[in-house]
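Asks: The following comprises the amino acid sequence and a computationally predicted model.
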Amino acid sequence: MSRAAPELEHAWRVGTAPGIFPFIGHGIALYRRPLAFLNSLPAHGDLVEIRLGPQRAWMVCHPELVHQVLMDARTFDKGGPLYERLRSFLGDGVGTCRHQEHRRQRRMLQPDFRAARVADNAALMGEEVESVCREWRAGREVDVSATMLALTTQVMSRVLFSDSLDAATGSELRGCLATIVRGLFVRTVVPIDALFRVPTPANRRYRRAVDRLHAIVDAAVAERRQGTACSGRTDVLGTLLAATQDRGGAAISGQEVHDQLITLLFAGAETTALCLTSALDLVARHPEEERRLHSEVDTVLAEGRLPGPDELPHLVRTRLVLTETLRHRPPGWLFTRVTTRETDLAGHRLPLGATVLYSPYLLHHDPASFPEPDRFLPDRWLPGQAVGIPHAAMIPFAAGSRKCIGDSFAMAEATMALAYVTRNWRLSHLPGHVERVRPAATLGPRSLVMICEPRAQRPHGTPPRTRLPNGR
C-alpha cells in the first residue's frame, strides 16, 4: 500500500524534529544513532526541520517530495554539508559539480559507461573476481569486506587507468578509501570546521589518506602523459586526456582530469563493494534465498565458467537479490542538496541557500511503500510484485539528470561477482557473529569475516583456477 498522491492529500505535513543539543543540534543523534534517528523523522512530518550544528536543514521524508527534489536539479542543486565535504576531497567532478557544469561533464564521460562499453568490460570484471578469490581455501576465514573492496578497486583502476596501478598501489588505494569514508561522515553531520583542524590522530589519518590518494592519481596521470604506460589503451583516463586537447575551445583542464578520476574511483569502488558485502551477508542469513541463488548460478554458470555478457540476462535471481540488498542497505544512504532560489516544498517556503536532505534508507524502509521493510525479501521485485511499489520509493542510484552515471556498470559488476562467488563458494558467519552495520559516508559492513567452503560442484578443497598466462 502506498501513500495517497499529494493532490489527494490536499496538505503536506511539515514539522520540526525535537532537539536536545542546542549547539550541535541533531548532528549528534545522526552520528550516534543514524538509522534510528532517520526512522523517527516521518512521525514529525513529510518535511521535517532539523539542525546540523548551527545550520537549519530540512529532511524530506515522503517519496513524492524526494522525487520533486531530484527532478528539479536546477533549484535543488548539489550542495549542503555532504557535498561541501565531498568537494574538499573529490573536487568538482561529475558527482559533485554544480548544475551548470553537470551536463557538459556527463556528456564527456557517458560513452565510457554506455551498455556497449559495460559489455566490453565484462571480461575484466570476471577476471578480477576470480583473481581476488583465488587464495580462498576450504574452512578458512576470509575477510569478505576487504575482498570485495579489493575487487571493485581493481575493476575501477583498470577501467580508469588500464593496468597502470600495481598490486601494492592498489592496496594503498583501498586503505585510503576506507579511512576517508569513515572521516567524511562525521564531518558531514557535525559541520564545525574547527573540530577537524585539531591535530588529533583521527584527523591526521584522514588528511594523510586524502593526500596519498591524490598523489596516486596524479602519478598515474603523469605517467600516461609521458607515454610510459598503456599507450593506445581505451580507458577513462584516455578519454579525459583527449578532452584536454579539444581544438574547439572546450578543452578541459588538468585539474578536471584529476577531479573526475578521483570522483569515479571513490564512487565506483566503495559503494559496489559494500553492496556485494551486504548481499553475501544477507544471503548467508537466509538459507532459502541462498538455495534459490545457488540453483540459478549452477545452471547459468555450468562447468564453472566465468560469467560474462552472455550470462548476465539469465542471472535473474542474482539481480533480485542485489536489488533487494540495495533496498535493504543502500550504500548511499544520506544526501544533501541546496536551494538556488527561494522555493516552495510541501507548501513550505524555503529560502535561498537552504540545506535539504533526503535518505534512500528512510524511503526504502517506509512500510507504506515496502511492507515488512526490515525483512530481506528478493521476491518483492518479481514483476507481479514490484508493480505495487511507488515509482519514487526506490532510489539507490538517485533519479533525474543527476542519477548515477555508473548505475548499469555497477549492477553488471555486482551481478557477475555475486554469481561467481556463490557458484564456487558457500560463505557462513563465524560462531557468535553479531550484525554491525554502522553507517559512515556510506552504509554497509566494513569488517565482515566469514568462513568459506567450496561448493559441491568443485572437488573439495580445490581453489578457483589460477590466473591466465597474461597475469589476469
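Replies: Nice, thanks for sending it over. Numbers count the residues shown, from 1 in each chain.

Asks: Show me the strands in the stretch 301-450 of the chain, by range?
Replies: 335-339, 343-345, 348-350, 355-358, 425-429, 449-454 (DSSP state E, counting those that start in this stretch).

Asks: Direction included, what does the longest one pair against?
Replies: Each strand paired with strand 449-454, and its direction, by DSSP bridges: strand 141-143 (antiparallel), strand 425-429 (antiparallel).

Asks: Give me the residues contacting that strand.
Replies: With contacts defined as CB atoms under 8 Å, 6 or more residues apart in numbering, strand 449-454 is touched by 136-145, 280-281, 284, 424-430, 460-463. Yep, even glycine has a C-beta here, placed from its N, CA and C like the rest.

Asks: can you give me the offset of that strand from its chain's centre?
Replies: Relative to the centre of its chain, strand 449-454 is centred 25 Å away, using CA atoms, centre = their mean, to the nearest Å.

Asks: Check stretch 204-214 too.
Replies: 21 Å.

Asks: sorry, back to before: which one of the strands paired with strand 449-454 is the most hemmed in?
Replies: Ranked by mean neighbour count, those are led by strand 425-429 with a mean of 17 (mean count of other CB atoms under 10 Å).

Asks: The stretch 101-250 of the chain: helices as residue ranges?
Replies: 115-120, 122-133, 144-161, 167-189, 193-197, 201-225, 236-243 (DSSP state H, counting those that start in this stretch).

Asks: Give me the helices and strands touching the longest one, please.
Replies: What it means is helix 201-225. Helix 201-225 sits against helix 167-189, helix 193-197, helix 236-243, helix 254-285, with contacts defined as 3 or more CB pairs under 8 Å, 6 or more residues apart in numbering; DSSP states H and E.

Asks: Could I get the contacting residues of residue 252?
Replies: 108, 240, 243, 244, 246.

Asks: Is the first one in contact with residue 241, as I believe?
Replies: No: using CB atoms under 8 Å, residue 108 makes no contact with residue 241, being 11.8 Å away.

Asks: which regions of the stretch 351-472 of the chain lie under the pLDDT threshold?
Replies: 456-472 (pLDDT under 70).

Asks: Show me the helices in it, by range?
Replies: Counting by DSSP H, counting those that start in this stretch, one finds helices in the stretch 351-472 of the chain at the ranges 360-364, 383-386, 407-424.

Asks: could you redo these as TSV and give each row mean neighbour count and distance to residue 173?
Replies: Shown next, in TSV, are the helices of the stretch 351-472 of the chain (neighbours: other CB atoms under 10 Å; distance: least, CB to CB, whole Å):
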stretch	mean neighbour count	distance to residue 173
helix 360-364	24	26
helix 383-386	10	37
helix 407-424	24	17
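
Asks: Can you lay out those as TSV showing distance to residue 40?
Replies: Formatted as TSV, the helices of the stretch 351-472 of the chain follow (distance: least, CB to CB, whole Å):
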stretch	distance to residue 40
helix 360-364	10
helix 383-386	28
helix 407-424	30
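
Asks: Quick check: which of the ones you listed is nearest to residue 440?
Replies: helix 360-364 (13.0 Å; CB to CB).

Asks: can you tell me the helix or strand for the residue nearest to residue 423 when sequence neighbours are not counted?
Replies: Counting by CB to CB, 6 or more residues apart in numbering, residue 297 is the residue found nearest to residue 423 once chain neighbours are left out, at 4.0 Å. Using DSSP states H and E, the element containing residue 297 is helix 287-300.

Asks: returning to what we had before: if you rank the contacts of residue 252 by neighbours, which is first?
Replies: residue 240 (24 neighbours; other CB atoms under 10 Å).

Asks: Can you give me every residue that contacts that residue?
Replies: Per CB under 8 Å, 6+ apart, neighbours of residue 240: 108, 252, 256, 257, 260, 261.

Asks: Tell me the one of these nearest residue 362?
Replies: Of these, the one sitting nearest to residue 362 (CB to CB) turns out to be residue 260, at 30.2 Å.

Asks: any idea how far that closest one lies from residue 186?
Replies: 26 Å (CB to CB, to the nearest Å).

Asks: how deep is residue 337 tucked in, by neighbour count?
Replies: With other CB under 10 Å as criterion, residue 337 counts 25.

Asks: Quick check: chain neighbours aside, which residue is closest to it?
Replies: Leaving out its chain neighbours, residue 337 is closest to residue 76 (CB to CB, 6+ apart), at 4.2 Å.
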